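>>> Got a predicted structure here, sequence first:
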Amino acid sequence: MQDFAQALLSALALVITGDGELWAIVLLSLKVSITAVVFAACVGMPLGAALAVSRFRGRRVVTVILNALMGLPPVVVGLFVYLALSASGPLGVLHLLYTPTAMIIAQFILVLPIVATLTRQTVEDLDAEYRLQLRSFGLSRFSSVPTLLWDARISLMTALLAGFGRAIAEVGAVIIVGGNINHVTRVMTTTIALETSKGNLALALALGVVLILIAILVNAAVSALGTASTRGATTGLAHA
Amino acid sequence: MFRHTFLSAAVGLAGMFLTSGAQAQTDEFIIVQSTTSTQNSGLFEEILPKFTEKTGIEVRVVAVGTGQAIKNAENGDGDVLFVHAKPAEEAFVEAGQGVERFDVMYNDFIIVGPSSDPAGVAGSADVVEALEKIAESKSPFASRGDDSGTHKAEMRLWGEAGKEVASASGQWYRETGSGMGATLNTAVGMGAYVLTDRATWISFGNKGEHEVAVEGDPKLFNQYGVILVNPEKHPNVKAEAGQAFIDWVLSEEGQDAIAAYKVDGQQLFFPNATTADGA
Amino acid sequence: MPSLAFLPPFASTPLARTEVLTSHQSLLPLTAEGLTFRTGDRVLVDIETLSIGSSGATMILGPNGAGKSLLIQLLHGLIVPTTGRISFGGRPIDTAARKRQAMVFQRPVMLRRSVASNLGFALKAQGVGRAERAERTARLLVEGGFEKVADQPARTLSGGEQQRLAMLRALSTEPELVFLDEPTSSLDPQSTLAIEEMVARAVKRGVKVVMVTHDIGQARRLGHEMIFMHHGRLTEQTPAANFFDQPESAPARDFLAGQILT
């Protein structure tokens, strides 16, 4: 199909010409999604790790719910955040609707269950290996959490990337709470949706290609950071 | 140590992003709840910078279906409503949600369809008869189905044609539940007739084998109105800036800007503000 | 945050530094009374009384499934007994008490960190300050012959080296009592020898060793005292010489005779 060839060419042209408008949109996309992921990490990692090491009644129920929340439909989250931030909603006084902050909140909610669940899984596995040794060192269940998180950091990077992937790729939530306002809340995905609705399919596809390139770059950057930080630690070479 | 750098970099990045986000919001701006047709046609991108240049007020457009735009405005999430569904707009003002409604401009609806023209309606100027033919031949018809201004107009026309399309839903009558552009994409993809506003059609980039089939019927007249959201009902409404925008768009300058916007040499919207200077 | 050399920056909970026990006061013997451990209906450990003396190496022998590992995990406070009391210098086995002990597992648990950090971690957990930690780690690396691989991930070491590092790490905190849970069972002879030498040196230095093994030869080489377990019970506790010459209990006799105990 000619659209594909055309899309690749225009994607290339977009990147090469360094179209200022495009970069502003790319930057906003990254800004919103990375911020959402950073906050989701600050909350989700300790939460997931605490869940991994704790033993309480209903723990399994919490785990199942958290797992299920990974599949939250972005539109539903968007609606929920819209209703909360709307001028007639409970948080209307904050005047956050149709701002990047609203988009960050929506993506935070989308990403949090992913980060928390993957952290719980990772930390649970590592805890199974470490538990007795850390107890022997005199650490309690909860005081081992920082150690577990730190030693699982390579796997946790993947959790963050999964969260970032979800955030950067979703359109349903940000279009509702951001409003796709030109130069204010227009990000990659909402631009793609807009260009598609304008019938500019090749341009939309080209933007999609740019989005994928960005995702690859971010993943590569994190992977490079991960490699750099493994000096003195390792991913998991099994012992003989 | 590396990990310190990494974490502080991440936190710093987040902080920087947040603050820069906050900065962008300090300038004066208004939010206009509007429709996809005005946005997709490129009209706003053409005329809004002129207003901003003159007044320093930034206009942020949230482009959704007319139904959703009205709903958002009812929640107080916007300063100005700029849509095209006169009865719904009048009800909005009636309910005290809006201050006053003004005609701004019009364009017209058209029916576009595949060049093969299975219903034999091409070249018709009688929209009611054309819809009857489409229904009787069971030719595929794509509807917005989203309570937008265009959808409301379409439903009104089906009513006049005496056709009850709900029962054909999912058969030849297909409701996309999407915006104008998405519905056009669907119609082109499935070779269906579709009612669209002319502006969106002219600037639409994926016309495929579709052509204008029905146009010129006075019933296809599509009036746009503008309303200031009632600040007495919604205290956060920026009444002054919103009113400035309305005044401008109704002024000779604003009306000229609308008239001057052309795509492929065709004028998309025709200003008809009655309160315009000298009108 | 200069003190957080071995923990990530988000390690907000400082490791307990409250050392209520003075380091010179001996907490041995370690005693247990009416100690049982059950899961469901099964009684896995059932010991009326037990006293672990203050010196030498006590070897816990017995067939697989006798409850040897569970017993030392109970004594170290890693698992909670169903009934019974354990006393370490008149105190229950709490975190502070556990810090005067150490344990090496059958499969060494290497933190995903460098060799040096693995040693440092144990010291940090004891509340050893940064400067002293660095100094002691450096000394331990030399002592264990790990200087060249100090910055290498611990998990890239061979199995034998990992277990030597685990031993070094356990002994690094200068514990009064070390539990060893079949540390050589999956090692080659050379590594086994190296571990046994470390055990012998530790005992000579005055560290009390309690070691689970099912290797009779190892028990003979290292043990000063023998505990024999069968079906979760302690069938006898005798000085090594007596045990090998004249085992008192029938299961121990059969075991030493090379029979399979069921």
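Thanks, I have it. Just so it is clear, the model here is predicted, and its values are computed rather than measured. Numbers count the residues shown, from 1 in each chain, chains lettered A, B, ... in the order given.

>>> The least confident helix or strand in chain C by mean pLDDT and chain A, any residue contact?
The helix or strand of chain C with the lowest confidence, counting by mean pLDDT, DSSP states H and E, is helix C:95-98 at a mean of 78. Yes. Among the residues of helix C:95-98, C:95-96, C:98 lie within reach of chain A under Cβ under 8 Å from any Cβ of the partner chain. Quick note: C-beta positions are derived from backbone N, CA and C, even for glycine.

>>> Can you name the residues bridging to the residue nearest to C:Ile86 when sequence neighbours are not counted?
Among residues not flanking C:Ile86 along the chain, C:Ala32 sits closest, at 4.8 Å (Cβ to Cβ, 6 or more residues apart in numbering or on different chains). Counting by DSSP bridges, C:Ala32 is bridged to C:Leu50, C:Ile86.

>>> Please list all residues in contact with whatever residue of chain A ends up closest to chain B.
For chain A, the residue closest to chain B is A:Ser197, as judged by Cβ to the nearest Cβ, at 2.7 Å. Residues near A:Ser197 by Cβ atoms under 8 Å, 6 or more residues apart in numbering or on different chains: B:36, B:40, B:178-182, B:185.

>>> go on, C:Gly206?
Contacts for C:Gly206 were tallied using Cβ under 8 Å, 6+ apart; they are C:Ser55.

>>> Need the three-state assignment for it.
When states are read from DSSP: H, G, I helix; E, B strand; the rest coil, the local structure at C:Gly206 comes out as coil.

>>> just for the stretch 1-150 of chain C, where's the confidence low?
Along the stretch 1-150 of chain C, the model assigns pLDDT under 70 to residues C:1-25.

>>> before we move on, back to that, how close does the residue nearest to C:Ile86 sit to chain B?
C:Ala32 sits 43 Å away from chain B, taking Cβ to the nearest Cβ, to the nearest Å as the criterion.

>>> Let me see the ranges of the helices in the chain.
Picking chain A for this. Ranges of helices within chain A are A:2-17, A:20-53, A:59-69, A:74-85, A:100-136, A:145-151, A:153-169, A:172-178, A:188-197, A:201-229, based on DSSP state H.

>>> Chain B is the one I meant
B:2-23, B:36-40, B:43-55, B:66-74, B:86-94, B:127-136, B:149-161, B:180-190, B:198-203, B:239-250, B:252-260.

>>> centre of the chain versus the shortest one, how much separation?
So the one you mean is helix B:36-40. 5 Å (Cα atoms, centre = their mean, to the nearest Å).

>>> try the third one
Between the centre of helix B:43-55 and the centre of its chain there are 17 Å (Cα atoms, centre = their mean).

>>> Who are the packing partners of that helix?
Using 3 or more Cβ pairs under 8 Å, 6 or more residues apart in numbering or on different chains; DSSP states H and E as the contact criterion, the secondary-structure elements in contact with helix B:43-55 are strand B:58-64, helix B:239-250, helix B:252-260.

>>> any residues touching the second one, and which ones?
Pointing back at helix B:239-250 there. B:28-30, B:32, B:47, B:51, B:54-55, B:57, B:59, B:79-80, B:82, B:102, B:104, B:226, B:228-229, B:231, B:254-255, B:258, B:273, B:275-276.

>>> and stretch C:68-84, anywhere near chain A?
Yes. With Cβ under 8 Å from any Cβ as the criterion, chain A is reached by stretch C:68-84 at C:73, C:76-78.

>>> if I look at C:Met225, how far off is A:Met157?
Actually, residue C:225 is Glu rather than Met. Taking Cβ to Cβ, to the nearest Å as the measure, C:Glu225 and A:Met157 are separated by 50 Å.

>>> For these two, indicate the residue with more neighbours.
C:Glu225 (20 against 16; other Cβ atoms under 10 Å in any protein chain shown).

>>> My guess is that one contacts C:Asn242. True?
No. Taking Cβ atoms under 8 Å as the definition, C:Glu225 is not a contact partner of C:Asn242, at 9.7 Å.

>>> still on that earlier bit, Throw the helices of chain A into JSON lines and include mean pLDDT, thanks.
Converted to JSON lines, those look like this (pLDDT from 0 to 100):
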{"stretch": "helix A:2-17", "mean pLDDT": "74"}
{"stretch": "helix A:20-53", "mean pLDDT": "92"}
{"stretch": "helix A:59-69", "mean pLDDT": "92"}
{"stretch": "helix A:74-85", "mean pLDDT": "94"}
{"stretch": "helix A:100-136", "mean pLDDT": "95"}
{"stretch": "helix A:145-151", "mean pLDDT": "92"}
{"stretch": "helix A:153-169", "mean pLDDT": "91"}
{"stretch": "helix A:172-178", "mean pLDDT": "93"}
{"stretch": "helix A:188-197", "mean pLDDT": "90"}
{"stretch": "helix A:201-229", "mean pLDDT": "84"}
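
>>> Most tightly packed of the ones you listed?
Scoring these by mean neighbour count under mean count of other Cβ atoms under 10 Å in any protein chain shown gives helix A:172-178 as the most buried, with a mean of 27.

>>> circling back to that earlier point, from the residues of stretch C:68-84 next to chain A, which is closest to chain B?
Of all the residues of stretch C:68-84 next to chain A, the one with the least separation from chain B (Cβ to the nearest Cβ) is C:Leu78, at 29.7 Å.

>>> Run through the residues that contact the closest one.
For C:Leu78, the contact set (Cβ under 8 Å, 6+ apart) comprises A:132, A:135-136, C:103.

>>> repeat that with 6 Å
Residues touching C:Leu78, when contacts are defined by Cβ atoms under 6 Å, 6 or more residues apart in numbering or on different chains, comprise A:132, A:135.

>>> With A:Ala228 instead?
A:Ala228 makes contact with no residue, according to Cβ under 6 Å, 6+ apart.

>>> what are the ranges of the strands in chain C?
Counting by DSSP state E, chain C forms strands over residues C:30-39, C:42-52, C:57-61, C:83-88, C:101-104, C:177-181, C:208-212, C:225-230, C:233-239, given from the N-terminal end onward.

>>> Turn those into a markdown table, columns for distance to A:Cys42.
Putting these into a markdown table (distance: least, Cβ to Cβ, whole Å) gives the following:
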| stretch | distance to A:Cys42 |
| --- | --- |
| strand C:30-39 | 39 |
| strand C:42-52 | 42 |
| strand C:57-61 | 47 |
| strand C:83-88 | 40 |
| strand C:101-104 | 34 |
| strand C:177-181 | 38 |
| strand C:208-212 | 43 |
| strand C:225-230 | 49 |
| strand C:233-239 | 51 |
